[in-house]
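1. below: sequence and its predicted model.
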Amino acid sequence: MDRHSFLKRFGALALSRALPLTWAAAPVSGQPATAGVGSNADLLERLDVQTERWFDNTFRIEIDELNAGLALLAMARHAGMLSSRHIKAAYGVLVAQWLLPEAEQLVAGRPQWRECRLPKLASPRATWPNDGFRLWHINRRGEALLSRLDIAARPRVIISTGLGCGFSARAIREIQADQRLARRLADAAVFLSLPDSALDLSEHAAWIERNKPFDLAFIHRLSDWPMIDRFETPVFFFLRQGVLHDTMIGWPAGGRMRELEQGLAAIGI
């Protein structure tokens, strides 16, 4: 049986223990990633290229490309050629797409991910809004809920951060030391992180405990946030009535408390 016949008949089953049938066999548009795969060497070359693209563009991969890549992954698994690097790249994209059950199934039983605990999706996919400033919050029960932020309702400070960002941690510590400023910022602040490989319930709970009174949300799609051209941390975006008034990038040694106060004042906080 050639590879195209294999994929057509058994492509879904090749990942049946790792991904739901609907994702392993999802149709793709355009030129299929499996077109022209004639040998194991060809397959491995295609999958290696896709893997590097997944690593380089984790948060900008479209669902059609993801499905096509998963078909390659299925073939490689059947051929016994699947590496940890391939799986790590696919896992990152699945998490970035908030396909968390699929991500968990992909790495089930693999020691590298044994300690990782992803949130449980409390917002059914059928209810996901199609646009807007979409973000996820994780509650104390470890459930992730999707909502839309109304950035025009009141002044906002959007702060890009990361669970493991040392510069962001330093900024928060210095802001926390000024209780008046911390309360003032907390009313308007939205700390935003990417849903990356650091997404883990234990890490999230530790962040929340360490950074009171601030909360942490996660981006649904990077394209939802046009003010974030390139995700760097920390960056402070000061908005009033939905309009970006100022941006403050980074938190060097010595801090930027005066600039932060000025930014808050500029948007009426």
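-> Perfect, thanks for sending it. Owing to the predicted nature of the structure, the values given are computational and were not obtained by experimental measurement.
2. low-confidence ranges, the protein, go.
-> 1-38 (pLDDT under 70).
3. show me where it has its strands.
-> 120-121, 134-138, 143-148, 156-160, 189-193, 216-219, 235-240, 243-249 (DSSP state E).
4. list the helices and strands the first one packs on?
-> Strand 120-121 is packed against helix 100-107, strand 143-148, with contacts defined by 3 or more C-beta pairs under 8 Å, 6 or more residues apart in numbering; DSSP states H and E. All C-beta spots, glycine's among them, are computed from the backbone N, C-alpha and C.
5. do the same with the second one
-> The helices and strands touching strand 134-138, judged by 3+ C-beta pairs under 8 Å, 6+ apart, are strand 143-148, strand 216-219.
6. may I see the buried residues of stretch 47-67?
-> Applying a neighbour-count criterion of 16 or more other C-beta atoms under 10 Å, one finds 47-48, 50-51, 53-54, 58-59, 61, 65-67 buried in stretch 47-67.
7. can you give me the domain assignment for the chain?
-> As given by automatic domain parsing, the domain ranges for the chain are 3-112, 125-266.
8. for the residue nearest the centre of the chain, which non-adjacent residue is closest in space?
-> The chain has Pro195 as the residue nearest its centroid, 2.4 Å off, counting by C-alpha atoms, centre = their mean. If the residues on either side of it in the chain are set aside, Pro195 comes closest to Phe218, at 4.8 Å by C-beta to C-beta, 6 or more residues apart in numbering.
9. and the one you found, bridged to which residues?
-> Taking DSSP bridges as the rule, Phe218 bridges to Trp136, Ser193.
10. wait, it sits on Trp136?
-> Yes - Phe218 is in contact with Trp136 according to C-beta atoms under 8 Å; the separation is 4.4 Å.
11. what residues do these two have in common as contacts?
-> 144, 195 (C-beta atoms under 8 Å, 6 or more residues apart in numbering).
12. would you map the helices across the stretch 151-269 of the chain?
-> For the stretch 151-269 of the chain, the helices defined by DSSP state H, counting those that start in this stretch cover 166-176, 179-186, 201-210, 257-266.
13. tell me which of the ones you listed sits nearest to Arg85.
-> With C-beta to C-beta, the closest approach to Arg85 among the helices of the stretch 151-269 of the chain belongs to helix 201-210: 22.4 Å.
14. ok, back up a step: just the helices of the stretch 151-269 of the chain: most buried one?
-> helix 166-176 (a mean of 18; mean count of other C-beta atoms under 10 Å).
15. what packs against it?
-> Against helix 166-176 (3+ C-beta pairs under 8 Å, 6+ apart) you get helix 179-186, helix 257-266.
16. what comes up buried for stretch 222-237?
-> Of all the residues in stretch 222-237, those buried under the rule 16+ other C-beta under 10 Å are 222, 224-225, 228, 231, 233-237.
17. got the end-to-end distance for it?
-> One end of stretch 222-237 sits 15 Å from the other (C-alpha to C-alpha, to the nearest Å).
18. give me the contact list for that stretch.
-> 59-60, 131-135, 156-162, 165, 167-168, 171, 192, 194, 219, 239, 244, 247-251, 260, 263.
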